[in-house]
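Undergrad: pasted the sequence and its predicted model underneath.
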Amino acid sequence: MRGSLLSCVKPQSRYTADLKEDASMFLSSLTDGLARLDESLTKESVSLKWSIEAMNLLKNMQTDLLALFKKFNLPISIGSDEDWFDQYMQETAILLDFCNTLKAAISRFNWYCMIVDLTIKMLAEDNPSKIVDFDKMEFNRMEKSREWRFDMKLVNETVKVGYKTYSGNQKCDKEMMLIMLVTKTTMLVLSLILVSSMTSPVSVDTNGAEPGSRVQEVKPCFDLLSQIARKVGERFENAEITIVEHEMIVEVLRDLKGQLVGGVAKDRVKFLKDLEKLREKLNGLKEGVERFNSVLHEVFDEVIKGRNEMLGIFRDSLDTR
C-alpha cells in the first residue's frame with residue numbers, strides 16, 4: 001500500500017473543486033502559449049527569436065507549476081514512480097540535462113561568431129592582392145556535428161505511461177498527474193526540437209505516433225504539440241542549417257566566395273558592401289545568441305529553484321511524521 005506523508009488540508013470536495021479549477025486555468029494558459037508558438041513558427045520558421053519564445057514558455061510553465069504545487073498541500077507517496085512528486089523531480093532533471101546541452105550549443109555558436117568576426121576583419125584589409133582561400137576556413141564545423149533524430153514515438157511512449165498513472169485512485173492525484181503528463185510532454189517536444197535545431201539538422205519522425213488525446217482537457221495542448229513537430233519536420237527535411245540567423249550568414253558567405261577569382265575580389269566595392277552586410281548579419285546572430293543564453297539561464301535557475309522548494313516540502317513532511 002502506498003504511504004502518504006502529506007494529506008489534503010481542505011475538505012475533499014472543496015479541495016478537488018479548487019484543484020480542478022486551477023488545473024483548468026493552467027492548461028488554458030499553456031494552450032494559449034503553444035498556440036502563439038505555433039503561430040510564430042508559421043510566420044518565420046525556427047529562428048533564435050522563436051527559440052527564445054519556446055524557452056520562455058518552458059520557464060513560465062515551470063513557474064506556474066511550482067505555484068500550483070505550493071498552493072495545494074498535495075499528498076507525497078513513498079516508493080512509487082506514479083507519485084506526482086517523483087514525476088516532477090524526473091521531469092525537471094531531464095529539463096536540466098537539456099539546458100546543459102543547450103549551453104554547450106551556445107558555446108559552439110560563440111566559437112562560430114568568433115571565426116566569422118575574424119574572417120570579416122581579414123577580408124576588410126585594404127590589400128586587393130591578398131588571396132583568400134575560403135575552403136580552408138572552418139565555417140562548416142557548425143554543419144558537421146552528429147545528426148540528431150527526433151522520434152515522436154519516444155514522446156508517445158511517455159504519454160502512454162502518463163495515462164496509466166493518470167488512472168490513480170484519488171481525484172486530486174488524477175488532476176495533478178494530468179498536469180504532470182502535459183508538462184512533461186510539452187517539455188520533451190520543445191526541448192528535443194530546441195536541442196536538435198541548435199546542434200545539427202533535425203529529422204522529425206512522427207511515423208503516425210503522435211501524442212494521443214484520451215482526456216479531452218489535454219487534447220488542445222497535444223494537438224498543438226503535434227502540429228509544431230510536423231512543421232519542424234517539414235522545414236528541416238534535408239536541411240543543412242536549422243537556425244534562420246545562421247542560414248543568413250552562410251548565404252552571404254557563399255555570395256562573397258563567389259565574388260573571388262583566384263582569391264581576389266572581382267569588384268572590390270561590391271565585395272566590401274556585401275562584407276558590411278555580413279557584419280550586420282553576424283551582429284544579429286550575436287544578439288540572438290546572447291538573448292537566448294540569458295533566457296536559458298533563467299529557465300535553469302527557475303528549475304533549480306523549484307526543485308529546492310519541492311525538496312524543502314518533502315523534508316518538512318518527514319519532520320512532521
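TA: Here it is on my side, so go on.

Undergrad: for Asp117, which non-adjacent residue is closest in space?
TA: Leaving aside its chain neighbours, Asp117 sits nearest to Leu282 (6.4 Å; criterion: C-beta to C-beta, 6 or more residues apart in numbering). Backbone N, C-alpha and C define where each C-beta goes, glycine included.

Undergrad: pretty sure that neighbour contacts Ile249?
TA: Yes - using C-beta atoms under 8 Å, Leu282 is in contact with Ile249, at 6.2 Å.

Undergrad: the more surrounded of those two?
TA: Of the pair Leu282 and Ile249, Ile249 is the one with more neighbours under other C-beta atoms under 10 Å, namely 23 against 20.

Undergrad: doesn't that one belong to a helix?
TA: Yes - assessed with DSSP: H, G, I helix; E, B strand; the rest coil, Ile249 lies in a helix.

Undergrad: what are the ranges of the helices in the stretch 1-150 of the chain?
TA: Using DSSP state H, counting those that start in this stretch, the helices of the stretch 1-150 of the chain run over 12-44, 48-71, 84-123.

Undergrad: right, and Thr183 touches Thr63 too?
TA: No - using C-beta under 8 Å, Thr183 is not in contact with Thr63, being 11.5 Å away.

Undergrad: looking at these two, which is more packed in?
TA: The neighbour comparison of Thr183 against Thr63 (other C-beta under 10 Å) goes to Thr183, with 24 against 15.

Undergrad: circling back to that earlier point, and the residue nearest to Asp117, that's in a helix?
TA: Yes - Leu282 forms part of a helix when assessed by three-state DSSP.

Undergrad: how about the contacts made by it?
TA: The contact partners of Leu282, by C-beta atoms under 8 Å, 6 or more residues apart in numbering, come to 113, 116-117, 120, 249.

Undergrad: just send these back as a markdown table, with pLDDT and distance to Leu194 too.
TA: Listed next are the contacts of Leu282 as a markdown table, based on pLDDT from 0 to 100; distance: C-beta to C-beta, whole Å:
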| residue | pLDDT | distance to Leu194 |
| --- | --- | --- |
| Cys113 | 91 | 19 |
| Val116 | 88 | 22 |
| Asp117 | 89 | 25 |
| Ile120 | 88 | 28 |
| Ile249 | 90 | 20 |
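
Undergrad: need the overlap of contacts for Leu282 and Ile249.
TA: Residues within reach of Leu282 and of Ile249 at once, by C-beta under 8 Å, 6+ apart, are Val116.

Undergrad: low-confidence bits of the stretch 101-250 of the chain, can you list those?
TA: 126-174, 200-215, 238-240 (pLDDT under 70).

Undergrad: those strands in it, which residues are they?
TA: 148-151, 202-205 (DSSP state E, counting those that start in this stretch).

Undergrad: show me the contacts for Gly306.
TA: Gly306 is in contact with 62, 65-66, 88, 92, counting by C-beta under 8 Å, 6+ apart.

Undergrad: quick check: pLDDT value at it.
TA: At Gly306, the model reports a pLDDT of 92.

Undergrad: relative to Gly288, how far out is it?
TA: Distance, Gly306 to Gly288, using C-beta to C-beta, to the nearest Å: 27 Å.

Undergrad: try Ile304
TA: For Ile304, the distance to Gly288 (C-beta to C-beta) stands at 25 Å.
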